[in-house]
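Undergrad: Need the 3D shape of this:
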Amino acid sequence: MEQTGKATGPPAARAVSSVVDGLAGGVSPSRARQLRMVAGMWERALGQWPDAVVRPARAAELFGDEALRTFWGLAAGGWLWAREQDVGRAPSGATLRVVRDCLGILAAAVCPGEEVWLPVVAQPEPKAVVPPGQLAVLYRKLADMASDAPVERHGIALSKEDRVRLLALVAVVLDTGARSSELAAMRLDDLGEDEGTVRVHRSPQNASALPQRVVAERAGVGEDVVQRVMSGRGGVSAGAREKVRVALEGLGEGGPAVEDYALRPGTGVAVRRWLRVRAGLVARLEGTQSALWVSLKANQWQGEPGFALRPQGVRKAYTRGAVALNGVMAGRYGWSPLPTTLEQLRRGAGLTPPLP
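TA: Below is the predicted model of the structure:
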């Protein structure tokens with residue numbers, strides 16, 4: 001349902017387009033595109049509005065129950081696509097969730113403080129996770145392979161450094177249940193003495209852009225600062241962090257949940273192995289690299305290895321290693337296929353509760 005132009009039709013649609021223009025600077029580029037898409041959908045919906053339903057004349061009237069239900073019926077039926085050849089094709093669940101979330105953002109901007117009807121969109125069934133009984137076998141096999149010769153399967157090669165990082169990453173996830181964003185946020189000072197503990201800065205799942213924008217406005221800081229504080233990342237001054245904390249308390253929200261976890265002895269060994277490899281990777285970089293998880297190779301954006309992995313980089317590193325290891329280990333006694341996404345592994349983890 002791509003929409004790149006501004007709404008030029010009925011006054012209510014033009015008003016929504018203006019609201020989107022006002023929101024665009026406070027949300028991510030992808031969210032701004034989605035909001036413009038929904039503004040275009042409103043324009044097309046008003047162009048085919050049923051005679052039996054009162055036609056909204058103002059932006060606020062778009063978010064009444066009857067108007068929203070009418071809009072949603074047209075959207076879910078596939079009648080609001082921008083391209084004519086797509087009209088009548090039912091949108092995917094993921095697209096409908098985006099539309100629903102954008103409706104909530106627009107409603108909060110147009111009708112602040114008012115409760116509006118929003119549709120319920122079914123969540124996809126979660127993928128299977130590793131059975132808990134197999135996690136110990138998985139952990140031991142990875143530990144055994146961390147010092148073996150390079151692994152290669154179907155053109156995918158895993159060096160010793162790859163496997164040392166993968167083992168440490170998997171071990172930390174098994175002990176903490178950390179998400180990719182939470183792994184990317186980890187810093188060296190999150191590790192306790194002798195790598196016996198690790199601190200996880202929990203980031204809210206499915207957090208929308210709107211609360212971050214509201215917090216940013218109240219705190220007088222940029223939305224990127226709010227995102228860093230709420231996800232537990234560094235790079236924020238103490239003053240800015242305090243402003244965000246005060247704004248969150250004023251909204252009745254807490255800051256990021258911070259949990260300390262005890263690491264199993266084997267995890268501590270795996271992490272120490274990775275720290276030795278990591279030290280060699282970051283040695284040539286100028287300045288101080290505090291991220292726990294860093295890249296092994298140069299890429300098109302970074303001319304040197306040793307740069308902090310972002311959440312997407314963490315997920316890619318894990319998936320690449322899992323695919324290669326599954327191919328090499330297929331058929332070996334006691335080996336169960338490693339999940340190919342970090343989220344699958346994470347949902348089978350959480351073997352130890354956080355420290356009090």
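
Undergrad: Tell me how far Arg315 lies from Ala184.
TA: Here the criterion is CB to CB, to the nearest Å. By it, Arg315 lies 9 Å from Ala184. All C-beta atoms are positioned from the backbone trio N, CA, C, and that covers glycine.

Undergrad: Who has more neighbours out of the two?
TA: Ala184 (22 against 19; other CB atoms under 10 Å).

Undergrad: what's near enough to touch the closest residue to that one other than its chain neighbours?
TA: In space, and not counting its chain neighbours, Ala184 is closest to Pro311: 4.6 Å by CB to CB, 6 or more residues apart in numbering. When contacts are counted by CB atoms under 8 Å, 6 or more residues apart in numbering, Pro311 touches Arg179, Ser180, Ser181, Leu183, Ala184.

Undergrad: can you do 6 Å?
TA: Contact analysis of Pro311 by CB atoms under 6 Å, 6 or more residues apart in numbering lists Ser180, Ser181, Ala184.

Undergrad: The second one: neighbour count?
TA: Read that as Ser181. Number of residues near Ser181 (other CB under 10 Å) recorded here: 20.

Undergrad: and it, that's in a helix?
TA: Yes - assessed with DSSP: H, G, I helix; E, B strand; the rest coil, Ser181 lies in a helix.

Undergrad: For it, which non-adjacent residue is closest in space?
TA: Per CB to CB, 6+ apart, closest to Ser181 is Pro311, 4.5 Å.

Undergrad: measure the one you found to Trp81 for me?
TA: 31 Å.

Undergrad: Domain map for the protein?
TA: Using automatic domain parsing, the domain ranges for the chain come out as 11-110, 132-201+264-347, 209-255.

Undergrad: Kindly reformat those as JSON lines and extend each row with mean pLDDT.
TA: Formatted as JSON lines, those follow (pLDDT from 0 to 100):
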{"stretch": "domain 11-110", "mean pLDDT": "89"}
{"stretch": "domain 132-201+264-347", "mean pLDDT": "79"}
{"stretch": "domain 209-255", "mean pLDDT": "68"}
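
Undergrad: ranges for the helices of the stretch 51-200 of the chain?
TA: Assignment of helices within the stretch 51-200 of the chain using DSSP state H, counting those that start in this stretch yields the ranges 65-76, 93-110, 132-145, 160-176, 180-184.

Undergrad: what about the spatially closest residue to Arg69 that is not a sequence neighbour, neighbour count?
TA: Leaving aside its sequence neighbours, Arg69 sits nearest to Trp117 (CB to CB, 6+ apart; 6.8 Å). Other residues lying near Trp117 total 14 when counted by other CB under 10 Å.
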